[in-house]
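A.B. asks: Turn this into a structure:
(2 chains)
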Number of protein chains: 2
Amino acid sequence: MTVLDALHWRYATKRMNGQPVPEEKLDVILEAARLAPSSFGLQPYSIMVVADPALREKIREVAVPQPQVTEGSHLLVFATWNAIHDGQVDDFIAHVADERGLPLASLDGYRDAIKAAIAKHPTQEARLQWAAKQAYIALGTALVAAATERVDATPMEGFDAQALDDVLGLEQKGLRSVVVMALGYRDTENDRMASLKKVRWPNEKYRLSP
Amino acid sequence: MTVLDALHWRYATKRMNGQPVPEEKLDVILEAARLAPSSFGLQPYSIMVVADPALREKIREVAVPQPQVTEGSHLLVFATWNAIHDGQVDDFIAHVADERGLPLASLDGYRDAIKAAIAKHPTQEARLQWAAKQAYIALGTALVAAATERVDATPMEGFDAQALDDVLGLEQKGLRSVVVMALGYRDTENDRMASLKKVRWPNEKYRLSP
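C.D. replies: The predicted structure is shown next:
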């Protein structure tokens, strides 16, 4: 199935039927997200995978009230580092040197470039917005992967991030949630969105020429 | 080719060989981006497609100095609306009603929900950050589509957005650039990145459990 077929098939599933997403499909979706590019390759975020039904019930109750949280089988919580600083860049560069078998000093320029790019965002808030954007690239990648696996995936914003962080203990892990995605299978009988035409801006508005 | 194969194949191409991306592949990549989901389906961004070599030369000179801008064949400029206001939501709801053949009044709740979500971002700057995140979902989607088409795609941040907006007249179109992506084909001989191992955080750090 092509990416376009997959994108036509998918929609913002509002109701799911409880059928669990198999572990091997979950792995594909998460691995796609992990392989997504990010600025300088830094990947300043993690994904917390919430499967436990009782915990998802709790999350639905206090932070993300949408039915997909409990009607799906997994909730992916995209969480950026909750502060961005030079020490993380040093850790990253050490990891790159290790993976590529390179002397650390050969990556001085790379490290300095990342630090300079981060310093261009003078406030932590601006850095966190930048980190969130990187997580959204992974979100887009995971969405496509889910659709090619015929798994329904609904991204959600506008939840109570503080409550979600508290339930999941994200702050203690140096993280904060920025966007979530429920995974499961569409309940076509009860989801009135299932039969609606997909609406996008037409190319005349969307795709511009200079 | 699976999405994972495509993601393993792709890398942040630094040097491109000038070979042009065929129009039909460009169409697939842009259509994938157009079909990407966004918050409420609002899609508060457009993509400007810059093919003209002289214009890309100019862009490289004044705004985005990377070689891929001219060594690729197309530069995609992801540009969000440069202000987010209720009138755009009204236009969007009218478009949805039209596309789905629904009476406008039946979408009152939908319209109010979007306006309320936007109002939660009290400043234009916060709204533009939110819009940029939506554009990054499309960026992630376009990246995957490009890789499945075996087209190299390099997203770039950190350019001179004001200069780019000026060159492309984006402000007059109510837009502002947030991220760009060069499309083309890797120059494996001159790109030292081409042979380097892809580095990502390992699952122990990336994929967490509660």
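A.B. asks: Can you give the distance of stretch A:86-97 from its chain's centre?
C.D. replies: Relative to the chain's own centre, stretch A:86-97 is displaced by 22 Å; criterion: Cα atoms, centre = their mean, to the nearest Å.
A.B. asks: And for stretch A:9-26?
C.D. replies: In terms of Cα atoms, centre = their mean, the centre of stretch A:9-26 is found 16 Å from the chain centre.
A.B. asks: got it, and stretch A:47-57?
C.D. replies: On Cα atoms, centre = their mean, the centre of stretch A:47-57 falls 15 Å from that of its chain.
A.B. asks: can you check stretch A:59-69 too?
C.D. replies: Centre to centre, stretch against its chain (Cα atoms, centre = their mean), the figure for stretch A:59-69 is 17 Å.
A.B. asks: now do the same end-to-end measure for that stretch.
C.D. replies: End-to-end distance of stretch A:59-69 (Cα to Cα, to the nearest Å): 8 Å.
A.B. asks: got it, and stretch A:14-23?
C.D. replies: Across stretch A:14-23, the terminal residues are separated by 22 Å (Cα to Cα).
A.B. asks: Let me see the mean pLDDT of that stretch.
C.D. replies: Throughout stretch A:14-23, pLDDT has a mean value of 98.
A.B. asks: Which residues does it contact?
C.D. replies: Here stretch A:14-23 makes contact (Cβ atoms under 8 Å, 6 or more residues apart in numbering or on different chains) with A:66-68, A:71-74, A:151-152, A:154, A:182-187, A:190-193. Just so you know, the C-beta spots here come from the backbone N, C-alpha and C atoms, and that holds for glycine as well.
A.B. asks: are any of those residues buried, and which?
C.D. replies: A:66-68, A:71-74, A:151-152, A:154, A:182-187, A:191 (16 or more other Cβ atoms under 10 Å in any protein chain shown).
A.B. asks: Next step: those restricted to strands.
C.D. replies: Using DSSP state E, the subset of the buried ones among the contacts of stretch A:14-23 located in strands is A:His74, A:Asp152, A:Thr154, A:Ala182, A:Leu183, A:Gly184.
A.B. asks: OK, contacts around the most centrally placed residue in chain A?
C.D. replies: Centroid-nearest residue in chain A, with Cα atoms, centre = their mean: A:Leu139, separated by 3.6 Å. Applying Cβ under 8 Å, 6+ apart to A:Leu139 gives the contacts A:Ala33, A:Phe78, A:Pro155, A:Val179, A:Met181, B:Ile137, B:Gly140.
A.B. asks: which residues does A:Val3 contact?
C.D. replies: A:Val144, A:Thr148, B:Val3, B:Val28, B:Ala32, B:Thr141, B:Val144, B:Ala145, B:Thr148.
A.B. asks: helix/strand/coil for the fourth one?
C.D. replies: Read it as B:Val28. helix (DSSP: H, G, I helix; E, B strand; the rest coil).
A.B. asks: Relative to chain A, how far out is it?
C.D. replies: Distance of B:Val28 to chain A, given as Cβ to the nearest Cβ, to the nearest Å: 6 Å.
A.B. asks: count of neighbours near that residue?
C.D. replies: B:Val28: 19 surrounding residues under other Cβ atoms under 10 Å in any protein chain shown.
A.B. asks: Show the pLDDT at it.
C.D. replies: At B:Val28, the pLDDT value in this model is 98.
A.B. asks: Kindly report the same for the first one.
C.D. replies: Residue-level confidence at A:Val144 comes out at 98, pLDDT.
A.B. asks: ok, it touching A:Ala33?
C.D. replies: No - counting by Cβ atoms under 8 Å, A:Val144 stays clear of A:Ala33, with 10.2 Å between them.
A.B. asks: hey, where'd the helices end up in chain A?
C.D. replies: Under the criterion DSSP state H, chain A contains helices at A:3-9, A:23-35, A:53-62, A:68-71, A:86-100, A:108-119, A:124-148, A:161-168, A:203-206.
A.B. asks: Those helices: which one's closest to A:Gly174?
C.D. replies: Evaluated over these, closeness to A:Gly174 peaks at helix A:86-100, with 9.1 Å, by Cβ to Cβ.
A.B. asks: Just the terminal-to-terminal distance for stretch A:100-112.
C.D. replies: 18 Å.
A.B. asks: Any part of it near chain B?
C.D. replies: Yes - using Cβ under 8 Å from any Cβ of the partner chain, stretch A:100-112 reaches chain B at A:Arg100.
A.B. asks: Distance from that stretch to the middle of the chain?
C.D. replies: With Cα atoms, centre = their mean, you get 28 Å for stretch A:100-112.
A.B. asks: With neighbour numbers in mind, choose between A:Val144 and A:Ala33.
C.D. replies: A:Val144 (31 against 28).
A.B. asks: Now do the contacts for the more buried one.
C.D. replies: A:Val3, A:Ala6, A:Leu7, A:Ala32, B:Val3, B:Ala32, B:Gly140, B:Thr141, B:Val144, B:Ala145.
A.B. asks: Which pLDDT value goes with the fifth one?
C.D. replies: We have a pLDDT of 96 for B:Val3.
A.B. asks: just how off-centre is stretch A:142-161 within its chain?
C.D. replies: With Cα atoms, centre = their mean, you get 8 Å for stretch A:142-161.
A.B. asks: Also stretch A:106-124?
C.D. replies: Averaging C-alpha positions (Cα atoms, centre = their mean) puts stretch A:106-124 24 Å from its chain's average.
A.B. asks: Tell me the residue of chain A that sits nearest chain B?
C.D. replies: Residue nearest to chain B within chain A: A:Gly140 (2.4 Å; Cβ to the nearest Cβ).
A.B. asks: Return the closest of the contacts of A:Leu139 with respect to A:Gly109.
C.D. replies: So of the contacts of A:Leu139, ranked by how close each gets to A:Gly109 (Cβ to Cβ), first place is B:Gly140, at 27.5 Å.
A.B. asks: now that closest one: how far from B:Ala113?
C.D. replies: 25 Å (Cβ to Cβ, to the nearest Å).
A.B. asks: Looking only at neighbour counts, state which of these two leads.
C.D. replies: B:Gly140 (29 against 14).
A.B. asks: show me the contacts for the more buried one.
C.D. replies: A:Ala36, A:Tyr136, A:Ile137, A:Ala138, A:Leu139, A:Gly140, A:Thr141, A:Leu143, A:Val144, B:Ala36.
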